[in-house]
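In: coords please:
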Amino acid sequence: MRLEHLTFTRFIAALTVVFFHYGNSVTPFNIPPFDKIFQAGPIAVSYFYALSGFIMAIAYYRPKTPENFNKWKYWLARFARIYPVYLIALLLIFIANYRTMENASSSLFLNLSMLQAWIPGYPLTLNSPGWSLSVEAFFYLIFPLLLLFIYRGGLKIVIVLSIVLWVATQILHTYLLNSPAYAIHNGLHDFIYYNPLMHVNTFVMGLLVGIYFQNKALYKKAPSYNYNATALFTVLTIIALLLIIRPSLKLWLGFDVDYTNGLIAPLFLLSILLLAQQQGSIAKIFSASWLVLLGEASYSLYILQRPVYGIYHKYIATHFVVSELWHFYFYLTFLIILSIVSYKLFETPLRHWINTWYRSKPR
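Out: Numbers count the residues shown, from 1 in each chain. Sure, this is the predicted structure:
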């Protein structure tokens with residue numbers, strides 16, 4: 001099943017991460033109240049996890065032939081999908097910051113092994129966006145076990161456990177966030193924001209919604225285009241409003257809350273579901289080849305954003321004097337072009353080579 005009109009949403013989410021990191025003072029991304037939407041990068045990572053679970057279900061969930069699932073082939077395919085560009089990003093980080101990398105041996109080991117998100121003090125070391133790939137790697141590792149549990153235990157018990165996990169994660173996150181022991185970038189902060197166990201609820205929910213989509217064949221029973229488009233617009237409007245009011249929630253509630261650990265993942269998944277079953281003009285627009293290409297290149301854009309920023313300002317920006325605004329747009333253009341080149345000339349060929357090598361090996 002091909003759902004190409006979902007692909008472009010990855011590019012939109014990746015852009016909000018770039019805006020959050022490097023465009024927070026640039027027009028129009030700094031104009032209130034819409035700056036809260038443009039710069040929703042940390043929350044967009046939660047969208048990535050929800051979409052990842054959904055897509056994994058579409059790609060691999062086969063209840064009638066569960067024995068056909070080859071976990072080794074799956075793990076290799078996931079490795080081929082994310083690790084080559086991830087490794088290139090680490091190499092570029094050293095090129096951009098080689099003078100400050102003399103004592104980075106511990107960070108380098110954890111980043112190379114994709115374990116940095118597990119250890120407080122290390123999630124944002126070297127290539128800081130890589131922490132989310134450390135989390136994603138954990139999801140990929142446990143995915144075959146989740147599928148096996150679903151096949152043997154049934155969906156109902158997994159749905160109940162998923163709801164319990166989501167509620168428990170939100171309670172724990174909110175409690176620890178308001179704890180006196182919490183401080184920005186201390187060990188507790190690193191645990192509640194970056195540890196894979198605090199994000200697994202989002203991935204599992206995405207997996208279950210993807211299975212629901214498969215089982216009910218919603219793409220064949222989609223409601224009328226107007227109803228579907230209206231419902232999608234309504235959900236996206238609610239998400240936007242929640243992003244806008246988030247800074248005021250602490251004042252209204254009397255305690256701090258955050259959306260980064262899946263709090264609004266149910267809304268993300270509802271929007272994914274509505275868009276997945278779209279067969280009208282929205283699907284046609286989002287399925288345009290150039291938008292799909294941007295979506296496919298979004299992983300390179302996401303993981304390369306920091307090293308490309310460092311390289312741009314160290315080797316390119318010094319050769320001409322323009323305002324901060326223009327430097328950002330030059331950097332963003334450079335990053336998008338480089339991400340497409342990476343996807344076309346490096347990421348895709350190497351992924352195909354690794355998978356072909358596996359298929360060619362004798363069993």
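In: do you know how far the residue nearest to the spatial centre of the chain is from Leu165?
Out: The residue lying closest to the centre of the chain (CA atoms, centre = their mean) is Phe48, at 2.8 Å. According to CB to CB, to the nearest Å, Phe48 and Leu165 sit 18 Å apart. Any C-beta I mention is one placed from the backbone N, CA and C, and that applies to glycine too.
In: same check on Val257?
Out: Val257 is 18 Å from Leu165, by CB to CB.
In: what of Ile150?
Out: 14 Å.
In: okay, now the unreliable bits of the stretch 1-150 of the chain?
Out: Scanning the stretch 1-150 of the chain with the threshold set as pLDDT under 70 gives 1, 98-103.
In: now Phe255. Its backbone dihedrals?
Out: Geometry field for Phe255 lists phi and psi as phi -150, psi 160, criterion degrees, to the nearest 10.
In: okay, now the nearest residue to it once chain neighbours are set aside: neighbour count?
Out: By the measure of CB to CB, 6 or more residues apart in numbering, the closest residue to Phe255 outside its immediate chain neighbours is Asn178, 4.9 Å from it. Asn178: 13 surrounding residues under other CB atoms under 10 Å.
In: I'd say Asn178 and Asp256 touch.
Out: Yes: applying CB atoms under 8 Å as the test, Asn178 and Asp256 come out as touching, 5.5 Å apart.
In: ok, Met297 - contacts?
Out: In this structure residue 297 is Ala, not Met. By CB atoms under 8 Å, 6 or more residues apart in numbering, Ala297 lies in contact with Phe11, Ile336, Ser339, Ile340, Ser342, Tyr343, Lys344.
In: if we go to 7 Å?
Out: Residues in contact with Ala297 (CB atoms under 7 Å, 6 or more residues apart in numbering) are Ser339, Ile340, Tyr343.
In: cool, Arg306 as well?
Out: Ile93, Asn127, Ser128, Pro129.
In: where does the second one land in three-state SS?
Out: Using DSSP: H, G, I helix; E, B strand; the rest coil, the three-state assignment for Asn127 comes out as coil.
In: ok so, going back, when Ile150 and Leu165 are compared, which one has more neighbours?
Out: Legend: neighbour count by other CB under 10 Å for Ile150 and Leu165, higher for Ile150 (21 against 17).
In: SS state for Ala50?
Out: helix.
In: disregarding residues adjacent in the polypeptide, which is nearest to it?
Out: The nearest residue in space to Ala50 (CB to CB, 6+ apart) is Gly206, at 4.1 Å.
In: Tyr83 too?
Out: Met114 (8.0 Å).
In: tally up the residues packed near that neighbour, please.
Out: Neighbourhood size, Met114 [other CB under 10 Å]: 22.
In: I'd say it and Ala137 touch.
Out: Yes: under the criterion of CB atoms under 7 Å, Met114 makes contact with Ala137 at 4.4 Å.
In: how about low-confidence regions in the stretch 151-300 of the chain?
Out: Confidence mapping of the stretch 151-300 of the chain against pLDDT under 70 gives the ranges 217-227.
In: from His189, how far off is the residue nearest to the centre of the chain?
Out: 21 Å.
In: how about Leu177?
Out: 9 Å.
In: repeat that for Asn30.
Out: Noted for Asn30: a distance of 25 Å to His189, by CB to CB.
In: quick one on the thing from earlier: show me what contacts the spatially closest residue to the residue nearest to the centre of the chain that is not a sequence neighbour?
Out: Spatial nearest neighbour of Phe48, chain neighbours left out: Ala13 (6.1 Å); criterion: CB to CB, 6+ apart. Ala13 makes contact with Ala44, Tyr47, Phe48, according to CB under 7 Å, 6+ apart.
In: how about a cut-off of 8 Å?
Out: When contacts are counted by CB under 8 Å, 6+ apart, Ala13 touches Ala44, Val45, Tyr47, Phe48, Ser298.
In: state the distance from it to Ile37.
Out: Distance from Ala13 to Ile37, by CB to CB: 12 Å.
In: now Glu67
Out: Glu67 is 45 Å from Ile37, by CB to CB.
In: quick one: which of the two has more around it?
Out: Using other CB under 10 Å, the more surrounded residue of Glu67 and Ile37 is Ile37, with 17 against 7.
In: got the buried residues for the host helix or strand of that one?
Out: Element membership of Ile37, judged by DSSP states H and E, is helix 35-38. Neighbour counts over helix 35-38 (16 or more other CB atoms under 10 Å) mark Asp35, Lys36, Ile37, Phe38 as buried.
In: go on, stretch 113-121?
Out: For stretch 113-121, the neighbour count (16+ other CB under 10 Å) marks Met114, Gln116, Ala117, Trp118, Ile119 as buried.
In: let's have the contacts of Ala297 in TSV, adding secondary structure and distance to Leu232.
Out: Below are the contacts of Ala297 laid out as TSV (DSSP: H, G, I helix; E, B strand; the rest coil; distance: CB to CB, whole Å):
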residue	secondary structure	distance to Leu232
Ser339	helix	27
Ile340	helix	28
Tyr343	helix	27
